[in-house]
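Trainee: I need the structure of the sequence given here:
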Amino acid sequence: MSIVLNGTTGITTPDVTSDGALKIDASAPDDSLVVDASGNVGVGVTPSAWSASIKAIDINTTGFIYGSGASLTIGENGHYDGTAWRYKTTSEATYYANIAGQHRWYIAPSGTAGDAITWTQAMTLNASGQLGINTASPSYTLDVDGTTNATTYRKNGVAGKLLVKSDIVSDGTNYSNTGFTNTFMSDTLAFTPASASSEVWVSIQAFVSLNQTGGDNDAVGTLYAYTVQSNGTTIVSNIGLATGTTDNYIGFFDLAANGQVRHCVSIEGPATRSSDGAVRVRLYGSLGSDATANYAATMTMAVCTATFKEYL
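Mentor: Residues are numbered from 1 along each chain as shown. All right, here's what the predicted structure looks like:
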């Protein structure tokens, strides 16, 4: 009996083992190529006891490659026996599968030869080009479930900051301030950062109305945003003054006239954390005039949205 390669007799008088496997060992080392009775091939090793639904090639002690249905799998230190995946040797195990239009990478910790393997799908590239790390079902171009660390983040080739969390807080409650005294004009808008070392920015959009009903001088209303401690009253830092209106004030009136002015205003800036690590923001309003004479006026405000963004 001989084996013919490309029309030429290359290896003659091969051995046939008692279980029907073909063993070619002429002048080559033992077990250079072994084909067992199930059609599985071992290169430098006797094939593992693979499931009947799989045709596999085992390479040396731990490597393997097989096709099953529409999939192709390449791995190390494992085989599937029809019931469970099992370790070939006492060590870690890994495999990569191209299946159903996806690329999947699996890992397993060190285990004992012959024991069942519990795989973790560590990385997935789906048919839409979305890469998931530590998630089997990515929903974004890069979808990471877990903590990340990077020395540099670049957007379109330019170094920047990585957005790791974003929350939008809606309010809509009307708050009023009457008279000359300064006062907080909103409830606490709170945000819990994901990281202790990140930078948090807040962007607030509010609707403000200034209504003057008496007096001879212009009524002036101002609106600030402050971060506060957990008690809601102790100021930590000033985020900024409302912008988008004349001279950064929310309303002006002519000297001899009364009336009402409405503005949509924005405040944006870095937000300092309170002592417990959270970010709490309150809006702070004041009423005054451009002279010392008394007047009657009311300032009313409603927070439309407050957007917190956390960057690394």
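Trainee: For stretch 194-214, buried residues please.
Mentor: For stretch 194-214, a neighbour-count test (16 or more other Cβ atoms under 10 Å) marks 198, 200-204, 206, 208-212 as buried. C-betas here are computed from N, CA, C, even on glycine.
Trainee: thought G44 was touching I57?
Mentor: No: G44 is beyond contact range of I57, at 10.9 Å (criterion: Cβ atoms under 8 Å).
Trainee: Outline the domain layout of the chain.
Mentor: 2-144, 167-311 (automatic domain parsing).
Trainee: Present the ones you listed as CSV; the columns should include mean pLDDT.
Mentor: Output for the domains of the chain, formatted as CSV (pLDDT from 0 to 100):
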stretch, mean pLDDT
domain 2-144, 84
domain 167-311, 77
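Trainee: okay, the ones you listed, which one's buried deepest?
Mentor: domain 167-311 (a mean of 17; mean count of other Cβ atoms under 10 Å).
Trainee: That domain: end-to-end distance?
Mentor: 12 Å (Cα to Cα, to the nearest Å).
Trainee: Tell me how far it lies from the chain's centre.
Mentor: 32 Å (Cα atoms, centre = their mean, to the nearest Å).
Trainee: mind listing the strands for the stretch 101-250 of the chain?
Mentor: With strands called from DSSP state E, counting those that start in this stretch, the stretch 101-250 of the chain shows them at 102-111, 120-125, 131-133, 142-144, 153-155, 158-160, 163-170, 174-178, 183-184, 189-191, 199-215, 219-228, 235-241.
Trainee: would a markdown table of the ones you listed with distance to H79 be doable?
Mentor: Formatted as a markdown table, the strands of the stretch 101-250 of the chain follow (distance: least, Cβ to Cβ, whole Å):
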| stretch | distance to H79 |
| --- | --- |
| strand 102-111 | 13 |
| strand 120-125 | 18 |
| strand 131-133 | 26 |
| strand 142-144 | 31 |
| strand 153-155 | 42 |
| strand 158-160 | 47 |
| strand 163-170 | 41 |
| strand 174-178 | 68 |
| strand 183-184 | 68 |
| strand 189-191 | 50 |
| strand 199-215 | 50 |
| strand 219-228 | 59 |
| strand 235-241 | 60 |
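Trainee: out of those strands, nearest to S286?
Mentor: Closest approach to S286 among those is made by strand 219-228 (5.0 Å; Cβ to Cβ).
Trainee: Output the contacting helices and strands for that closest one.
Mentor: For strand 219-228, the packing partners by 3 or more Cβ pairs under 8 Å, 6 or more residues apart in numbering; DSSP states H and E come out as strand 199-215, strand 235-241, strand 259-270, strand 279-289, strand 295-311.
Trainee: From D187, how far out is the residue lying closest to S275 once chain neighbours are set aside?
Mentor: Spatially, and ignoring its direct neighbours in sequence, S275 is nearest to Q229 (6.2 Å; Cβ to Cβ, 6 or more residues apart in numbering). As judged by Cβ to Cβ, to the nearest Å, Q229 and D187 stand 15 Å apart.
Trainee: thinking again about what came up before, which residues sit in contact with the residue nearest to S275?
Mentor: 236, 274-275, 280 (Cβ atoms under 8 Å, 6 or more residues apart in numbering).
Trainee: quick one on the thing from earlier: what's the closest of the helices and strands packed on strand 219-228 to A136?
Mentor: Closest approach to A136 among the helices and strands packed on strand 219-228 is made by strand 295-311 (26.0 Å; Cβ to Cβ).
Trainee: how big is the angle separating the closest one from strand 279-289?
Mentor: 160 degrees (axes from the mean of the first three to the mean of the last three Cα atoms, to 10 degrees).
Trainee: Strand 295-311 to strand 259-270, inter-axis angle?
Mentor: If you take the same axes, to 10 degrees, strand 295-311 sits at 20 degrees to strand 259-270.
Trainee: which secondary structure elements does strand 295-311 contact?
Mentor: Helices and strands touching strand 295-311, as assessed by 3+ Cβ pairs under 8 Å, 6+ apart, comprise strand 163-170, strand 174-178, strand 189-191, strand 199-215, strand 219-228, strand 279-289.
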